[in-house]
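S.K.: quick one: sequence plus predicted model below, questions after.
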Amino acid sequence: MTMKTNQMLFIIPLQSILTCVVALALGPLPGASAAEMSDMERRAKIEAMYRDYQKDFADVEDIDPREAMKLLQEGKAVFVDVREAKEQKVSMLPGAITEEQLLRSPEKYGDRILIGYCTISYRSGKLAQKLKAKGLSMLNLRGGLLAWVHDGGKVYDQNGETRRIHVYGRKWDLGPKDYEAVW
């Protein structure tokens, strides 16, 4: 074997390794299913989707799930679930009220910070925008229910803590792998 042949044998595997490293760094292909993604990739996808949706309610202030958890522990926050009843039946954030409850008696919650959410916080962002126009302040939970569970938040159904979440549809099936998605 000549030196040139040995170099070629070394270059080919190195190119394969570099291709694998680049693929890992870039994450799954855009069409990759949630089942093929790691929890970290799912969380990154949620953040990217939320940033894209946020353009539709750019004037609404949002809050990180971990900061919302801190406010909840301190008794300073109340969550407003803007999803449909069938979604809420699967699970809700701790102590959450419905949009209807808020609109019926907004003064009842005046001493706490309102934090709206839905699956990924698009619908809640739109509600926060409408409320802002009427003089009522509601923060939007960045990344919604999906980001909440990824960041360690708990969800509850009528029987207590659950590992089931309603994800609106297949596109939003991005919960942690140890959660059951319902749509």
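M.R.: The structure has been received and is ready for your questions.
S.K.: C-alpha only now, for contacts and for neighbours.
M.R.: Noted.
S.K.: how about stretch 89-104, which residues are buried there?
M.R.: For stretch 89-104, a neighbour-count test (16 or more other Cα atoms under 10 Å) marks 90-94, 96-99, 102 as buried.
S.K.: just the residues you listed now: which is nearest Trp183?
M.R.: Val90 (9.6 Å; Cα to Cα).
S.K.: surely the closest one meets Tyr168?
M.R.: No: using Cα atoms under 8 Å, Val90 is not in contact with Tyr168, being 11.2 Å away.
S.K.: mutual contacts of the two, please.
M.R.: Val182 (Cα atoms under 8 Å, 6 or more residues apart in numbering).
S.K.: how about the strands in the protein?
M.R.: 62-63, 77-81, 97-98, 113-117, 139-141, 155-157, 160-162, 164-166, 180-182 (DSSP state E).
S.K.: grab the nearest non-local neighbour of Arg42.
M.R.: Spatially, and ignoring its direct neighbours in sequence, Arg42 is nearest to Leu174 (5.3 Å; Cα to Cα, 6 or more residues apart in numbering).
S.K.: tally of neighbours for that neighbour?
M.R.: As a burial measure, Leu174 scores 28 neighbours (other Cα atoms under 10 Å).
S.K.: list the contacts for it?
M.R.: Leu174 sits in contact with 34, 42-43, 45-46, 146, 167, where contact means Cα under 8 Å, 6+ apart.
S.K.: can you go through the residues you listed and name the buried ones?
M.R.: Neighbour-count burial (16+ other Cα under 10 Å) is assigned, among those, to 34, 42-43, 45-46, 146, 167.
S.K.: return the member of the residues you listed nearest to Asp157.
M.R.: Proximity of those to Asp157 was ranked by Cα to Cα; the top entry is Val167 with 14.7 Å.
S.K.: returning to that earlier point: tell me which of the strands of the chain is the most buried.
M.R.: strand 139-141 (a mean of 29; mean count of other Cα atoms under 10 Å).
S.K.: chain center to it, what's the gap?
M.R.: Relative to its chain's centre, strand 139-141 lies at 12 Å (Cα atoms, centre = their mean, to the nearest Å).
S.K.: show me what that strand is packed up against.
M.R.: strand 62-63, strand 113-117, helix 123-133 (3 or more Cα pairs under 8 Å, 6 or more residues apart in numbering; DSSP states H and E).
S.K.: tell me the pLDDT at His150?
M.R.: On the pLDDT scale, His150 is placed at 98.
S.K.: would you confirm that it contacts Ala44?
M.R.: No: assessed by Cα under 8 Å, His150 is found out of contact with Ala44, at 10.3 Å.
S.K.: tell me which helix or strand in the chain has the weakest average pLDDT.
M.R.: Counting by mean pLDDT, DSSP states H and E, the chain has its least confident helix or strand at helix 3-26, which shows a mean of 42.
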